[in-house]
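sequence? don't have it. structure:
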């Protein structure tokens, strides 16, 4: 079956602009996770959802970052007033449930803020 | 919170040799330890994992060992092949929490 998909694969924007990154999890997976990966580092947790609700958003760096999952499937990560330091690969993962340890990752969206 | 340290950051081996990557974690509540392989332009892919009630797990050429007392776990790849070249990440997680904490990765190069 289809894996986790993310769109766009690449996004270039200017400092101060607003961006939306989309994640389509594996069908039937109730848990969805967002991570950010900077060059040469491991993925860093941002937020995860169980169903429609954000179960833990402790990794969001500041209030410019926000994520939604209105119908418990597709999720959108929203970044306002982008800064050059936001440049990174944004990874989405899903799992069958929160206590299903195995997380399946998408290919990521590479965000570049000029 | 959890802190995971991984080393070495780079590892170069000859084809057919073994490769070992080591990680330490800080939170004794962590009970799930996955290893991921990440190829250029792709997301991390799970290659093997171990739970805290097990000391060792093997899957063909790949094995993972866990020492809960010392809070460290290792990835062992035997008979390495050029296609094993990639970045490998360890992670630690508590089953009832969604997030995984990752190490900074090891770039493995297998020379033919």
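Here it is on my side, so go on. Please read these numbers as outputs of a predicted model, since none were measured by experiment. Numbers count the residues shown, from 1 in each chain, chains lettered A, B, ... in the order given.

give me the number of residues near the nearest residue to residue B:10 once chain neighbours are set aside?
Take residue B:10 and drop its neighbours on the chain: the residue closest to it by CB to CB, 6 or more residues apart in numbering or on different chains is residue B:107, 4.8 Å away. Quick note: C-beta positions are derived from backbone N, CA and C, even for glycine. Residue neighbour count, defined by other CB atoms under 10 Å in any protein chain shown, stands at 15 for residue B:107.

Go ahead and confirm residue B:107 touches residue B:13.
No: here residue B:107 does not reach residue B:13: they are 11.8 Å apart, not a contact under CB atoms under 8 Å.

Report the buried residues of stretch B:73-90.
Buried positions in stretch B:73-90, judged by neighbour count with 16 or more other CB atoms under 10 Å in any protein chain shown: B:73-77, B:80, B:84-90.

Of those residues, which are in range of chain A?
residue B:89 (CB under 8 Å from any CB of the partner chain).

closest to chain A among the buried residues of stretch B:73-90?
residue B:89 (5.1 Å; CB to the nearest CB).

so that closest one touches residue A:44, yeah?
No: using CB under 8 Å, residue B:89 is not in contact with residue A:44; the gap is 11.5 Å.

overlap in contacts of those two?
residue B:102 (CB atoms under 8 Å, 6 or more residues apart in numbering or on different chains).

before we move on, back to that, the residue nearest to residue B:10 is in what secondary structure piece?
When elements are assigned from DSSP states H and E, residue B:107 belongs to strand B:106-111.

distance between that strand and the chain's centre?
13 Å (CA atoms, centre = their mean, to the nearest Å).

What is it packed up against?
If contacts are counted by 3 or more CB pairs under 8 Å, 6 or more residues apart in numbering or on different chains; DSSP states H and E, strand B:106-111 sits against strand B:10-14, strand B:19-25, strand B:86-92.

Recalculate using a threshold of 7 Å.
With contacts defined as 3 or more CB pairs under 7 Å, 6 or more residues apart in numbering or on different chains; DSSP states H and E, strand B:106-111 has these neighbours: strand B:10-14, strand B:86-92.

Now the last one: average pLDDT?
For strand B:86-92, the per-residue pLDDT values average out at 98.

From the rest of the structure, what touches that strand?
Identification of contacts with strand B:86-92 by CB atoms under 7 Å, 6 or more residues apart in numbering or on different chains yields A:42, B:2, B:4, B:6, B:21, B:23, B:25, B:30, B:33-39, B:44, B:73, B:75, B:100-103, B:105-108.
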